[in-house]
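Undergrad: Provide a 3D model corresponding to the input given below.
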Amino acid sequence: MHACLVGPGIRPVRRYGAVVHIAARLTVLGSLNMDISVTVRSLPGPGATVLGSAAVFAPGGKGANQAVAAARLGGDGLSVRMIGCTGDDDFGRTLRAALRAEGVDDSAVRTAIGVPTGIAMITVDQAGENIITVAPGANHELSAADVAEVSGDVLVISAEVPVPVISAALAAERRALRVLNLAPAPPEAAELIAAGPDWLVVNESEAAAVLGRPVSGLTEAAAAAAELVAAGAGSAVVTAGAAGAAYCGPDGDQVKTVVVTIPGFKVQATDTVGAGDTFVGALAVALAAGVPPADAVTAAAAAGATAATRPGTQSGMPHPADVFAVTGHHWPLP
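TA: Numbers count the residues shown, from 1 in each chain. The predicted structure is shown next:
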């Protein structure tokens, strides 16, 4: 299955100075969490206790993060809508207010009564590496009925929501370009990939979980991407952290399938927590702009690398000018 790179209503990107204008609608179906972050000198091992900084409470959740990343990188013409669930509590109200502050439409974010908003407990070391534990809370109240709210040119699906919801979204919205981020990879990952998402995005550990073998480095990431396309994805990206990313899928003219590796941008990482979500949001924006596949992955890698240099998750997500300042990459085209 070959991915449609430019869907209905999607217009090519135009640049006016430092401002990107993309006339498209993007929907994110996914999680909203309150992040509770602590910085430590080194990550603890099993049974160990370490002392860290004062806890920082900040909006997060993979779905909300990807929506914010897309809104910041999409310019004035990109409409971003979020579908998800929060609890009827202060955390939920804070998360929705944060989306609105970034220009994200939260009208399809449902409040689940009697269920707490999801939280993510994040520990970050001085090198920017992290350990994350998520209590899903209201995110698991999302149902297939919420998929009726899906509309737009590009649909991003993150995996911190129930698998039946993901399956319903893949089956229901065929007009949109569907970008599936299997993070974390659920036990039903193979069935979801076989459903034929237009784009699949996973990191090395998620690819390993899906394929049942280790995946490390760009060479193995490229082989994994090709195997994921063979399993049903129209196009597949396997990210390899600072090393870069591998893409397998149609080339720019849709004639043949190619495998391309994109080396990582050399940056000084401060906090990698939001880098993967920035990559996914950026990739969706680049695809909405009609950017060719390998260039879209390169743009996403530049945005993700930029996010890794900035503290915080949503607060550290870049605008186009930030991407150029850190990596020298003209967003979204080189």
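Undergrad: quick one: the strands in the stretch 1-150 of the chain, in order.
TA: For the stretch 1-150 of the chain, the strands defined by DSSP state E, counting those that start in this stretch occupy 14-16, 19-21, 24-29, 33-39, 56-60, 78-87, 105-112, 118-124, 130-135.
Undergrad: tell me where the model's unsure across the stretch 1-150 of the chain.
TA: For the stretch 1-150 of the chain, the stretches with pLDDT under 70 are 1-21.
Undergrad: repeat the analysis, applying 80 as the threshold.
TA: Within the stretch 1-150 of the chain, the segments meeting pLDDT under 80 span 1-23, 128, 149.
Undergrad: circling back to that earlier point, in CSV: the strands of the stretch 1-150 of the chain, plus mean neighbour count and distance to residue 251.
TA: Heads up, the C-betas are built off the backbone N, CA and C, glycines and all. Below are the strands of the stretch 1-150 of the chain laid out as CSV (neighbours: other CB atoms under 10 Å; distance: least, CB to CB, whole Å):
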stretch, mean neighbour count, distance to residue 251
strand 14-16, 12, 24
strand 19-21, 17, 24
strand 24-29, 28, 22
strand 33-39, 23, 37
strand 56-60, 21, 36
strand 78-87, 26, 25
strand 105-112, 18, 34
strand 118-124, 22, 38
strand 130-135, 14, 35
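Undergrad: the longest helix along the chain - contacts with which helices or strands?
TA: In the chain, taking DSSP state H as the definition, the longest helix is helix 293-308. Other elements packing on helix 293-308 under the criterion 3 or more CB pairs under 8 Å, 6 or more residues apart in numbering; DSSP states H and E are helix 62-74, strand 235-239, strand 244-250, strand 257-263, helix 275-288, helix 320-327.
Undergrad: and these as CSV, adding distance to residue 42 and mean neighbour count?
TA: Shown next, in CSV, are these (distance: least, CB to CB, whole Å; neighbours: other CB atoms under 10 Å):
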stretch, distance to residue 42, mean neighbour count
helix 62-74, 25, 30
strand 235-239, 24, 29
strand 244-250, 26, 25
strand 257-263, 28, 16
helix 275-288, 20, 31
helix 320-327, 26, 19
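Undergrad: is the nearest residue to residue 237 once chain neighbours are set aside part of a helix or strand, or is it coil?
TA: With CB to CB, 6 or more residues apart in numbering as the criterion, residue 237 has its nearest non-adjacent residue at 4.8 Å, and that residue is residue 201. Counting by DSSP: H, G, I helix; E, B strand; the rest coil, the backbone at residue 201 sits in strand.
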